[in-house]
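Novice: pasting the structure only:
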Ligand SMILES: C[S@@+](CC[C@H](N)C(=O)[O-])C[C@H]1O[C@@H](n2cnc3c(N)ncnc32)[C@H](O)[C@@H]1O
C-alpha cells in the first residue's frame, strides 16, 4: 500500500480489501483507521481516492482495480455500479449469505454484548433474481447522462432533444434529481420490464411531459408495478401537477388513463390499474388522491390458507416467497397454543397476526399507519378470522400497562419494528407485561442488538435465525426467540 498526494483528494494505492462492512462496503485498515470502499469485495486490491476522512474512519471510491479477488463474479445486470440497487452482485450468493450471517453475529455480540446460542444457518432466498413483487420507477425530464454520451467524437458537447433527455428508472444513489434510464431490471419477473418500456415509449410517442425533479412539477411522475406469485399484475401511474398543490387538468387525466388502458390492452397479465395524483414536493403517497381506472380494486397474495389483498398503497413484504419462510420461522419459534394471547407489535397490514391467528385464542395487532390497520381488518374479515383485533397509533402511545390490562396479558409477543428498533418506553411496557415468549423480527440487527440487551435483563435468547429477504443487497433480516428467565 502506498499513498500519493492528490491536489484535491488523497489517493491510496494498493489497498487490500479485507472484509464486508455492515453497510455493505468493502473494508480495509490503513494506519489503524478503518477505510470503507463501495463496490469492492474481500480479496480485491484497489487504488482508492478518499472522499471523507474523519478521526476514526475514512471513506473512498475505487478508482482502479489492481487485482481482482478470486471470489469476485461478473455482475448480471447491465446497470451494475451506477444504479443503487443490487450492489452485492460481484459476490457469489453463497458468499453473500456467509457475510450476512457474520454480520448478525457481529452486531449481536459487539453492540448487544449478548451471549448467543448456536445461530441457525441463514435461510437463503430460493430465487435470487425476479424476487421482488413491487418496483417503483421515476420519470425524469433530465435523466442521468454518461460521460460517453455527453460529447461528440470531435470532443464538442453533444446537443440533446428533450425526448433524448427523458428517462424512466431508478434514482442514482444519494441523488434526488438524477434518474438512471433503466433498460433491464432483474428484480421483478416479466412482463415488468416490458410494461415499463412500453409505458416509456407510449409517453414519448404521445409527447407526454416527464417529471421535473428539480422543481417538483410535471405530468408523469412514477410508475409502480406490483405483482403476485400467481402472476397478477397491478400498475399504478403517479402523476404530478404543473404547480405544487395544483390539480391535473381533465386533458391530463384522460391522457394518463389512456396510457393505463393501452398497457392493459397490451398486457393481459395486468388485472388492476390506478392513477395516483401527487401534487406535493415529496414522493410519499400520504394523502394522495387515487383513481381506480380499470380491472379489480386489488390483487391478492396467498399464504397457506390466508389470502391477503394488496391495494396500490398497501404494505406487503416485497419478497413474497421469503416472507412465507420468515413468518414460518416466527411461528416455529413462537410455538403458539390455542389457549394463548398473542400480540403482534408493528403489525403492518396484520400479516404475521393473521398467519398466527388460527393457532391462538386471541391476536392483538398494533400499527402506526391507519390505512394498514384498515387493510388488516379487511384481511381478517375476508379470511373469516374473528379473534384478531387491530389498533392504530404510535406504539409508545397505544401500548401501555392500561392497554394490557384492558386487552389481556400476552403469552407471546411478536415484534417487527422499523429499522430504528423500539422506543425505550415500549421496551419497559413489554418487560412489565412479562410474556412467556417473545419473537423479535428485525431488518436491522444493530438496533435489534441494542433492544435485546435491554430485554435480556429478564429474558434468555434461545434461538436466532437470520433470513435473507433481499439477495444482492447488504440487508439481512433476523429472528430471535426470547424466553422469560
Ligand atoms: C418492518 S414493518 C413490519 C410489518 C409487518 N410485520 C409485516 O411483516 O408485514 C414495521 C411496521 O412498523 C410500523 N411502525 C413504524 N413506527 C411505528 C410506531 N412508532 N408505532 C407503531 N407502528 C410503527 C410501520 O408502519 C411498519 O408497518
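Specialist: Cool, the structure landed. Model, not experiment: these values are computed from the prediction. Numbers count the residues shown, from 1 in each chain.

Novice: check contacts around residue 245.
Specialist: By Cβ atoms under 8 Å, 6 or more residues apart in numbering, the contact list for residue 245 reads 279, 280. Glycine gets a C-beta too; all of them are placed from N, C-alpha and C.

Novice: now it: how far from residue 212?
Specialist: Computed as Cβ to Cβ, to the nearest Å, the residue 245 to residue 212 distance reads 15 Å.

Novice: residue contacts, the closest residue to residue 109 other than its chain neighbours?
Specialist: Distance criterion Cβ to Cβ, 6 or more residues apart in numbering; nearest residue to residue 109, sequence neighbours excluded, is residue 116 at 6.7 Å. Residue 116 sits next to 105, 108, 109, 461, 464 when contact means Cβ under 8 Å, 6+ apart.

Novice: try it again with 10 Å
Specialist: Residue 116 is in contact with 104, 105, 108, 109, 452, 461, 463, 464, 480, counting by Cβ atoms under 10 Å, 6 or more residues apart in numbering.

Novice: Wait, a helix at the third one?
Specialist: Yes - under the criterion used here (DSSP: H, G, I helix; E, B strand; the rest coil), residue 108 sits inside a helix.

Novice: right, and it touches residue 101 too?
Specialist: No - counting by Cβ atoms under 10 Å, residue 108 stays clear of residue 101, with 11.3 Å between them.

Novice: Helices of the stretch 251-400 of the chain, residue ranges please.
Specialist: For the stretch 251-400 of the chain, the helices defined by DSSP state H, counting those that start in this stretch cover 320-334, 351-357, 370-382, 395-398.

Novice: just these: most buried one?
Specialist: Comparing these by mean neighbour count (mean count of other Cβ atoms under 10 Å), helix 351-357 ranks first with a mean of 25.

Novice: how far away is the one residue in the stretch 201-350 of the chain that gets nearest to the ligand from residue 419?
Specialist: Taking Cβ to the nearest ligand atom as the measure, the stretch 201-350 of the chain has residue 348 as its residue closest to the ligand, at 2.9 Å. Taking Cβ to Cβ as the measure, residue 348 falls 14 Å from residue 419.

Novice: what does residue 46 give?
Specialist: 30 Å.

Novice: neighbour-wise, which of these two wins?
Specialist: residue 46 (25 against 11; other Cβ atoms under 10 Å).

Novice: Let me see the backbone angles for that one.
Specialist: Backbone torsions of residue 46, given as degrees, to the nearest 10, read phi -140, psi 160.

Novice: now residue 160
Specialist: phi -120, psi 140.

Novice: If we ignore the residues flanking it in sequence, what's nearest it?
Specialist: residue 145 (7.9 Å).

Novice: quick revisit: now the common contact residues for residue 108 and residue 101.
Specialist: Common neighbours of residue 108 and residue 101, using Cβ under 10 Å, 6+ apart, are 119, 464, 478.

Novice: min pLDDT across those residues, which one?
Specialist: Among the shared contacts of residue 108 and residue 101, residue 119 has the lowest pLDDT, at 95.

Novice: who's in contact with it?
Specialist: So residue 119 contacts 101, 102, 104, 105, 108, 461, 463, 464, 465, 466, 478, 480 (Cβ under 10 Å, 6+ apart).

Novice: From the ligand, how far out is it?
Specialist: Remark: distance between residue 119 and the ligand (Cβ to the nearest ligand atom, to the nearest Å) = 21 Å.

Novice: returning to what we had before: close to the ligand as well: tell me which of the contacts of residue 119 qualify.
Specialist: Among these, not one lies near the ligand by Cβ under 6 Å from any ligand atom.

Novice: Buried ones among these?
Specialist: Buried residues within those, defined by neighbour count using 16 or more other Cβ atoms under 10 Å: 101, 102, 104, 108, 461, 463, 464, 465, 466, 478, 480.

Novice: I'd like to know which of those residues are part of helices.
Specialist: Of the buried ones among the contacts of residue 119, the ones assigned to helices by DSSP state H are 101, 102, 104, 108.

Novice: just curious, which of those is nearest to the ligand?
Specialist: residue 104 (16.5 Å).

Novice: Quick check: the gap between residue 178 and the ligand.
Specialist: Distance from residue 178 to the ligand, by Cβ to the nearest ligand atom: 28 Å.

Novice: Report the contact partners of that residue.
Specialist: Residue 178 makes contact with 82, 138, 140, 142, 143, 144, 145, 167, 170, 171, 172, 213 under the criterion Cβ under 10 Å, 6+ apart.

Novice: Could you chop this protein up by domain?
Specialist: 2-72, 97-127+319-484, 134-297 (automatic domain parsing).

Novice: which one of these is the most hemmed in?
Specialist: Comparing the domains of the chain by mean neighbour count (mean count of other Cβ under 10 Å), domain 97-127+319-484 comes out on top with a mean of 19.

Novice: Pull the distance from it to the chain's centre.
Specialist: 17 Å (Cα atoms, centre = their mean, to the nearest Å).

Novice: Figure out the length between the terminal residues of it.
Specialist: 31 Å (Cα to Cα, to the nearest Å).

Novice: ranges for the helices of the stretch 51-200 of the chain?
Specialist: Going by DSSP H, counting those that start in this stretch, the stretch 51-200 of the chain shows helices at 93-110, 147-150, 162-165, 192-205.

Novice: pretty sure residue 166 is touching residue 220, no?
Specialist: Yes - here residue 166 reaches residue 220: they are 9.1 Å apart, a contact under Cβ under 10 Å.

Novice: So, low pLDDT: which residues of the chain?
Specialist: Across the chain, residues meeting the criterion (pLDDT under 70) sit at 1-8, 22.

Novice: Name the residues of it found near the ligand, please.
Specialist: 315, 317, 346-348, 351-352, 367-369, 372, 394-395, 416-418, 443.

Novice: where exactly do the strands run in the stretch 1-150 of the chain?
Specialist: Here the stretch 1-150 of the chain has its strands, by DSSP state E, counting those that start in this stretch, at 2-4, 11-16, 19-20, 26-30, 33-37, 45-53, 57-67, 134-140.

Novice: so how far is the longest one from its chain's centroid?
Specialist: On the basis of Cα atoms, centre = their mean, strand 57-67 is displaced by 27 Å from the centre of the chain it belongs to.
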